[in-house]
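Chemist: fold the stuff below for me.
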Amino acid sequence: MTPSISVVIPFYHAEEFFDETYQSIKQQTIQPKEVIVVNDGCGAKALEFLSQYDDITVIDFEENKGVSTARNTGAKAATSTLIAFLDADDMWLPNKLELQLAFLAEHPHFSACHTGVTTFDKTGDLSTFVDKPFDLTIVDLLESMQVTPPSLLITKASLEAVNYFDQKIRCSEDHELSIRLVQQGFRIGFINQALTKVRRMGHGNISSNGRTILIGHCQLLKKHWHTFRQHKGLSSKYIYKTFMTSGGKCSGVERKLLFGLGKIMTLIYPKLT
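Modeler: Numbers count the residues shown, from 1 in each chain. Here you go, the predicted model:
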């Protein structure tokens with residue numbers, strides 16, 4: 001019997017893009033059991049907009065609670081054995097869910113799988129990422145973020161076991177969840193096809209804020225400091241990447257400061273570059 005899938009979508013002022021997201025679900029070669037959209041404090045206007053889609057379930061937050069709380073609430077309300085996360089401005093290729101179901105059937109020891117990703121903006125495709133480990137290890141995850149939620153299909157049971165996303169972390173929450181899953185023995189596989197399209201720039205997504213990235217990375221590092229310290233060199237590598245990534249999203253003095261800190265780290269740890 002084919003496992004059922006619930007799609008969970010946090011919605012925050014995404015009226016301009018949501019129909020493309022919705023149509024990418026309707027075009028799936030295997031249809032999910034349900035689509036749950038969490039209106040994250042956008043009010044009556046968003047509810048009216050979402051009401052035109054009569055085959056989705058809408059959960060309404062009166063105030064904005066953040067993407068982790070929205071995803072957690074949707075996942076807890078889901079009635080399927082598998083959860084597929086999708087952001088309200090991203091899209092799937094038509095065979096995304098079908099190939100993921102086939103992967104999990106072929107590899108029953110995996111609790112989740114994710115796919116390659118193509119980033120895009122209004123000008124077209126930007127970058128494609130398909131070179132990732134087949135079976136994630138903790139070292140893979142301490143070196144860099146590997147899993148983006150819109151590409152992930154995961155058992156609800158494994159999410160429950162690790163207590164879902166950490167709602168205190170406002171950025172890097174997806175990376176932090178992956179670390180806990182692998183730490184607790186849940187295996188995450190990879191399909192090296194770009195079956196997920198993730199929108200970039202120009203619409204206020206959280207990754208555009210360098211300060212938010214810096215804070216989120218620091219929260220993750222603090223929470224998993226003991227694990228980083230067990231693997232020589234990975235804490236300094238992560239801190240260096242944090243300075244460079246957040247610096248690249250800042251401007252003015254903040255940009256110079258963060259890039260400067262990264263430069264200092266390369267002088268202390270030459271192997272970083």
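Chemist: show me where the stretch 51-200 of the chain has its helices.
Modeler: Here the stretch 51-200 of the chain has its helices, by DSSP state H, counting those that start in this stretch, at 67-77, 96-106, 138-143, 156-161, 173-183.
Chemist: quick one: mean pLDDT over the second one.
Modeler: This means helix 96-106. For helix 96-106, the mean per-residue pLDDT is 97.
Chemist: give me the buried stretch members for it, please.
Modeler: By neighbour count on 16 or more other Cβ atoms under 10 Å, the buried set for helix 96-106 is 96, 97, 99, 100, 101, 103, 104. Bear in mind the C-beta positions are built from the backbone N, C-alpha and C, glycine included.
Chemist: dump the residue contacts of the first one.
Modeler: With Cβ atoms under 8 Å, 6 or more residues apart in numbering as the criterion, the residues that contact residue 96 are 28, 115, 195, 196.
Chemist: and the helices of the stretch 51-200 of the chain as a markdown table, adding distance to residue 267?
Modeler: Listed next are those as a markdown table, based on distance: least, Cβ to Cβ, whole Å:
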| stretch | distance to residue 267 |
| --- | --- |
| helix 67-77 | 36 |
| helix 96-106 | 44 |
| helix 138-143 | 21 |
| helix 156-161 | 42 |
| helix 173-183 | 27 |
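Chemist: of all the ones you listed, which one is nearest residue 273?
Modeler: helix 138-143 (14.8 Å; Cβ to Cβ).
Chemist: if we can go back for a sec, which one, of the helices of the stretch 51-200 of the chain, ends up nearest to residue 60?
Modeler: helix 67-77 (10.3 Å).
Chemist: what angle do that closest one and helix 173-183 make?
Modeler: 50 degrees (axes from the mean of the first three to the mean of the last three Cα atoms, to 10 degrees).
Chemist: who's the closest residue to residue 152 other than its chain neighbours bridged to?
Modeler: With Cβ to Cβ, 6 or more residues apart in numbering as the criterion, residue 152 has its nearest non-adjacent residue at 4.8 Å, and that residue is residue 114. Taking DSSP bridges as the rule, residue 114 bridges to residue 190.
Chemist: thought residue 191 was touching residue 114, still the case?
Modeler: Yes: in terms of Cβ atoms under 8 Å, residue 114 counts as a neighbour of residue 191; the distance is 7.4 Å.
Chemist: higher neighbour count, the two?
Modeler: Between residue 114 and residue 191, residue 114 has the larger neighbour count (other Cβ atoms under 10 Å), namely 25 against 21.
Chemist: now do that one against residue 45, distance only.
Modeler: With distances taken as Cβ to Cβ, to the nearest Å, residue 114 is found 33 Å from residue 45.
Chemist: now swap in residue 63 and tell me
Modeler: 15 Å.
Chemist: those two: which is more packed in?
Modeler: Per other Cβ under 10 Å, whichever of residue 63 and residue 45 has more neighbours is residue 45, with 11 against 7.
Chemist: doesn't the more buried one belong to a helix?
Modeler: Yes: counting by DSSP: H, G, I helix; E, B strand; the rest coil, residue 45 falls inside a helix.
Chemist: biggest separation within the contacts of residue 96, which pair?
Modeler: Taking Cβ to Cβ, no two of those sit farther apart than 28 and 115, at 13.0 Å.
Chemist: what about those two, which has more around it?
Modeler: residue 115 (26 against 18).
Chemist: was I right about the more buried one contacting residue 100?
Modeler: Yes: counting by Cβ under 8 Å, residue 100 is a contact partner of residue 115 at 6.9 Å.
Chemist: now for these two: what residues contact both?
Modeler: 191, 195.
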